[in-house]
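[1] turn this into a structure:
(2 chains)
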Amino acid sequence: MNLSSGPAIAAMIGAIVLTATAGDVFIASAMRSVGDLDHIKAARGFEGAVWAVVSESRFLAGFTCMALSFFSLLFSLSHADVSLIAPAAGSLTFVSNAVAAKWVLHENVDRRRWLAAVFVCGGVALLKR
Amino acid sequence: MTLRRYLVLGLVALTSAFGDTSLAVGMKRVGPVSLSHPDALLSALRTPWVLGGVLLLVVFFASYLTALSWADLTFVLPATSLAYVAVAFLSKFWLHEQISTERWLGIALITAGVGFVTRGPAYTQRHSADRAPNPGFTGSLREGK
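    The predicted model follows:
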């Protein structure tokens, strides 16, 4: 299989976006459940804050997804230019995260946040050309 | 939002940008990795640029977790995208690279996007049933924004 072909690169970008979005959503959900780390650290110290995070199962799921995303990125960078992979994956992840945050995390993604996601997505795509 | 929290968001942005750049430089030096030899990805971790990138991304991850503990995902991600702008300015004034009209437009779009999101509340308030701090934690819950 030619890993430099268009469909192969699209699949690599898709893998990065999918795993990065899943990782972000799991971790955001975990941190919402854990609560404010500044307050936890003040009450239970640094070790207590670390334990509060790593004992949360959604954090472990998110960490696994982020690790998969990281190795997908490394793999992609060895086959395609960073000027293609970084803007495509980066900008698409902004939009997929906004959609996931709205429907999975039930965040209040109002018009201002949608605009921010779209503007940053477009900006990243232009900046990395 | 306190000054310390803005500094955490800044740390997220800078370590992410410089970490990704280090990884890109490192993987270009490592060369193409074959699907039949995925272990080459692990050996890439021993190269200085990739290792430096990983260390920067560890700092990024810690500060990212901290930010997500008091702000929404849809607030943290756009708010930390100013790193792209910082890298563009660094490349112009430090590396003396040319910045095209397209890139200036990209900078303007990102800055506008960050402006949109940071003018709103950082956190979506939940009803008590959805808030489940870890057992044993008796500190007060976060403020509204």
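[2] count residues in the vicinity of residue 76, would you?
    No chain in the question, so chain A it is. The local packing of A:S76 (other Cβ atoms under 10 Å in any protein chain shown) involves 26 other residues. (Glycine included, C-beta is placed from N, CA and C.)
[3] correction: the question concerned chain B.
    With other Cβ under 10 Å as criterion, B:V76 counts 25.
[4] also B:R4?
    Neighbour tally, B:R4, other Cβ under 10 Å: 9.
[5] the chain: helices as residue ranges?
    Just going to use chain A. With helices called from DSSP state H, chain A shows them at A:6-34, A:37-54, A:57-77, A:82-103, A:111-127.
[6] hmm, I had chain B in mind actually
    Applying DSSP H to chain B gives helices spanning B:3-30, B:39-44, B:48-68, B:73-79, B:82-93, B:101-118.
[7] how about CSV for the ones you listed, with distance to chain A added?
    CSV is the format used below for the helices of chain B (distance: least, Cβ to the nearest Cβ, whole Å):
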stretch, distance to chain A
helix B:3-30, 4
helix B:39-44, 5
helix B:48-68, 4
helix B:73-79, 4
helix B:82-93, 5
helix B:101-118, 3
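[8] among the ones you listed, which is the most enclosed?
    Sort the helices of chain B by mean neighbour count, taking mean count of other Cβ atoms under 10 Å in any protein chain shown, and helix B:73-79 sits at the top with a mean of 27.
[9] quick one: list the elements packing against that helix.
    Packed against helix B:73-79, as judged by 3 or more Cβ pairs under 8 Å, 6 or more residues apart in numbering or on different chains; DSSP states H and E, are the following elements: helix A:6-34, helix A:82-103, helix A:111-127, helix B:3-30, helix B:48-68, helix B:101-118.
[10] out of those helices, nearest to B:F75?
    Proximity to B:F75 (Cβ to Cβ) singles out helix B:101-118 among the helices and strands packed on helix B:73-79, at 5.8 Å.
[11] quick one: residues in contact with the closest one.
    A:112-113, A:115-120, A:122-129, B:74-75, B:78-79, B:81-82, B:84-85, B:88 (Cβ atoms under 8 Å, 6 or more residues apart in numbering or on different chains).
[12] between helix A:82-103 and it, find me the angle.
    Interaxial angle of helix B:101-118 relative to helix A:82-103 (axes from the mean of the first three to the mean of the last three Cα atoms, to 10 degrees): 20 degrees.
[13] quick one: residues contacting A:T21.
    The contact partners of A:T21, taken as Cβ under 8 Å, 6+ apart, are A:T93, A:S96, A:N97, A:A100.
[14] how many neighbours does the first one have?
    In other words, A:T93. Around A:T93 sit 25 other residues, with neighbours defined as other Cβ under 10 Å.
[15] and the last one, by the same measure?
    Around A:A100 sit 20 other residues, with neighbours defined as other Cβ under 10 Å.
[16] which residue packs closest to it, ignoring adjacent ones?
    A:V25 (4.8 Å; Cβ to Cβ, 6 or more residues apart in numbering or on different chains).
[17] the one you found: neighbour count?
    Around A:V25 there are 22 residues (other Cβ under 10 Å).
[18] likewise the one 3 residues further on?
    Counted by other Cβ under 10 Å, the residues lying close to A:A28 total 29.
[19] which non-adjacent residue is nearest it?
    B:L73 (4.1 Å).
[20] closest to A:L18 out of the contacts of A:T21?
    Sorting those by how near they are to A:L18, with Cβ to Cβ, puts A:S96 at the top with 7.9 Å.
[21] do you know how far the closest residue in space to A:T64 that isn't next to it in sequence is from A:A42?
    Using Cβ to Cβ, 6+ apart and skipping the chain neighbours, the partner closest in space to A:T64 is A:G23 (7.8 Å). Distance, A:G23 to A:A42, using Cβ to Cβ, to the nearest Å: 28 Å.
[22] who's more crowded, the two?
    Applying other Cβ under 10 Å to A:G23 and A:A42 shows that A:G23 carries more neighbours, namely 21 against 13.
[23] pLDDT wise, what is that one at?
    What the model reports for A:G23 is a pLDDT of 95.
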